[in-house]
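Student: Task: produce atomic coordinates for the following.
(one chain, ligands or ions: 2)
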Amino acid sequence: MAKANSSDFHVLMFSWFAIGHMTPFLHLANKLAEKGHRITFVLPRKAVSQLEHLNLYPDFISFHPVTVPSVTGLPPGAETASDIPIFLSHFLSIAMDRTRDQVENVISSVKPNLVLYDTAHWIPEIAKPLGIKTVCYNVVCAAAIAIVLVPARNATRERPITAAELAVPPPGYPSSSVVLRSHEGQSLLFVTNPFGEGLTFYERITKAMKNCDAISMRTCHEIEAKLCDYIGSQYEKPVLLTGPVLPEESKSVLDERWGRWLAGFEPGSVVYCAFGSQFIFEKPQFQELLLGFELTGLPFFVALKPPLEAATIEEALPEGFEERVKGRGVVWGGWVQQPLVLAHPSVGCFVSHCGFGSMWESLMSDCQIVLFPQLGDQILNTRLMADELKVAVEVKREENGWLSKENLREAIKSVMDKDSEVGKLAKENHKKWRDTINPEFTNDYIDKFIQRMHELVE
Ligand SMILES: O=c1ccn([C@@H]2O[C@H](COP(=O)(O)OP(=O)(O)O[C@H]3OC[C@@H](O)[C@H](O)[C@H]3O)[C@@H](O)[C@H]2O)c(=O)[nH]1
Ligand SMILES: [O-]c1cc(O)cc2[o+]c(-c3ccc(O)cc3)c(O[C@@H]3O[C@H](CO)[C@@H](O)[C@H](O)[C@H]3O)cc12
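Tutor: Numbering: from 1, shown residues only. Ligands and ions are numbered 1, 2, ... in the order given. Reported below is the predicted structural model:
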């Protein structure tokens, strides 16, 4: 490929069919577009309308929809991970692989300078013969890759990884604090389960990283330097960091009904809770969580999917809950504009699963942060936030993983009570990090990333 300036540099993006992946890819597309690059963003048809409002540069970023084929095991109409329970992700990855011909056609006709992708391990097989460079862009923390998705683990289908193995980091892993506690290895056992035809999750992601020209990550040296270096040495590849990549502006305003409701409370008093685009609670845990919010006595705004055993939020609420919290608590089963909710002056606390997207959004907000991680990578994000940066509090679990309403209340109180030492410390540390990750800092990361991306294609 010929040398290209920003104005004629064309990037094609193709990420895992999940809102938690496509959203950070699109944030990066916006930053590249801001500096004159053109982007073709290939994504499931249905996701176009879900993400359109985040496209800040429609003249530079074109969405190219692909048709997600029907696959046995995948519910009809499912196109992204939000449409399915997590245990069906394997079928979605089969569907993703079956879009290969469509993706190949777009790549051949667009002839981008570079393809940025994740999960679709076959992208380099298409791009390389056309002389197009590829970058595998990871939107989970570096720790989540380094702890299991590296050649040093040498996991195979025939010899699935065990919880005991996962309790010990791989040889050379450079952190003693961002690790899994003994029972937490369980949450990563899925990596040697099938994830696409003839492949495990481990094989798929390690292949995606082995075949690319460079690995990229949505993180920064200031938080994960050693882990990024470890990944670079494991794969023997250059590692390009993009930094946190969050939009500074938004095209939308907060829905009037939430804006009006939140405005009825004191500044910094409302507790907001959300668990990302995929996670679904079981009903008993869902109800206990709500009872925990009730116990705090604080106003709260909970945005969660209805639990597994219920079709609607209303039918899943604890007995008498609605009357008891009337006027100070809302439980909403649909999508909310999370970044705008976090930016609302009345919101003072964010209770989350610590998905990587929510992690960065919480770090950039003014809110106190309470974490209750559910899946493997979220546990490591929580270690970063609560143990390394000390900006958040993790809710204590019972031995069996259960979150009690009392423990949730304690965690929230510990950051929201004016006189709490824990709360003061978290607030101070949080402020330091928010000040560090300022627009100049994030812009420098993007400039460096762009420079290295251009060097790669020269
Ligand atoms: O109601 C909602 C829920 C979520 N969101 C947005 O959806 C995104 C969710 O992404 P998260 O990474 O936090 O969480 P998800 O669980 O959806 O993502 C998943 O895939 C990406 C990984 O990095 C995460 O760690 C993993 O949990 C965030 O940007 C959040 O602001 C909303 O805007 N409204
Ligand atoms: O839970 C996870 C623990 C871990 O150590 C690593 C990952 O990595 C990824 C990942 C996915 C795709 C990539 O290209 C790179 C990394 C994880 O992603 C989540 O996997 C789920 C699989 O069931 C999927 O449903 C979800 O949408 C992905 O965000 C998780 C871990």
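Student: ok now the host helix or strand of K424, how far from the chain's centre?
Tutor: In the assignment (DSSP states H and E), K424 maps to helix 421-436. Averaging C-alpha positions (Cα atoms, centre = their mean, to the nearest Å) puts helix 421-436 22 Å from its chain's average.
Student: how about the CA coordinates for stretch 72-87, as CSV?
Tutor: C-alpha atoms of stretch 72-87 as CSV (Å, rounded to 0.1, in the frame of the first residue of the first chain):
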residue,chain,number,x,y,z
THR,A,72,-28.9,-23.1,14.5
GLY,A,73,-28.8,-22.3,18.2
LEU,A,74,-29.0,-18.6,17.7
PRO,A,75,-32.5,-17.1,18.4
PRO,A,76,-34.1,-15.8,15.2
GLY,A,77,-33.3,-12.1,14.7
ALA,A,78,-30.4,-12.1,17.1
GLU,A,79,-27.6,-9.9,15.7
THR,A,80,-25.5,-8.7,18.7
ALA,A,81,-24.5,-10.1,22.1
SER,A,82,-27.2,-7.9,23.7
ASP,A,83,-29.9,-10.0,22.0
ILE,A,84,-28.8,-13.3,23.6
PRO,A,85,-27.8,-14.7,27.0
ILE,A,86,-24.0,-15.0,27.4
PHE,A,87,-24.0,-18.8,27.1
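Student: how about that stretch against ligand 2, any contact?
Tutor: Yes: judged by Cβ under 6 Å from any ligand atom, stretch 72-87 comes into contact with ligand 2 at 81, 86. For the C-beta atoms, the positions are set from N, CA and C on the backbone; glycine is no exception.
Student: ok, F195 - contacts?
Tutor: 89-90, 93, 201, 203-204 (Cβ atoms under 8 Å, 6 or more residues apart in numbering).
Student: oh sorry, the question was meant for A164
Tutor: G185.
Student: same thing with the one 3 residues further on?
Tutor: Contacts for A167 (Cβ under 8 Å, 6+ apart) come out as 180, 182, 184-185.
Student: one step back: sitting in helices, which of the contacts of F195 do you find?
Tutor: Filtering the contacts of F195 for membership in helices, criterion DSSP state H, returns 89-90, 93, 201, 203-204.
Student: Redo the residues you listed as JSON lines? Include pLDDT.
Tutor: Shown next, in JSON lines, are the ones in helices among the contacts of F195 (pLDDT from 0 to 100):
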{"residue": "S89", "pLDDT": "97"}
{"residue": "H90", "pLDDT": "98"}
{"residue": "S93", "pLDDT": "98"}
{"residue": "F201", "pLDDT": "97"}
{"residue": "E203", "pLDDT": "97"}
{"residue": "R204", "pLDDT": "98"}
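Student: and ligand 2, which of the contacts of F195 contact it?
Tutor: Counting by Cβ under 6 Å from any ligand atom, the members of the contacts of F195 near ligand 2 are S89.
Student: And the furthest pair within the contacts of F195?
Tutor: S89 and E203 (14.7 Å; Cβ to Cβ).
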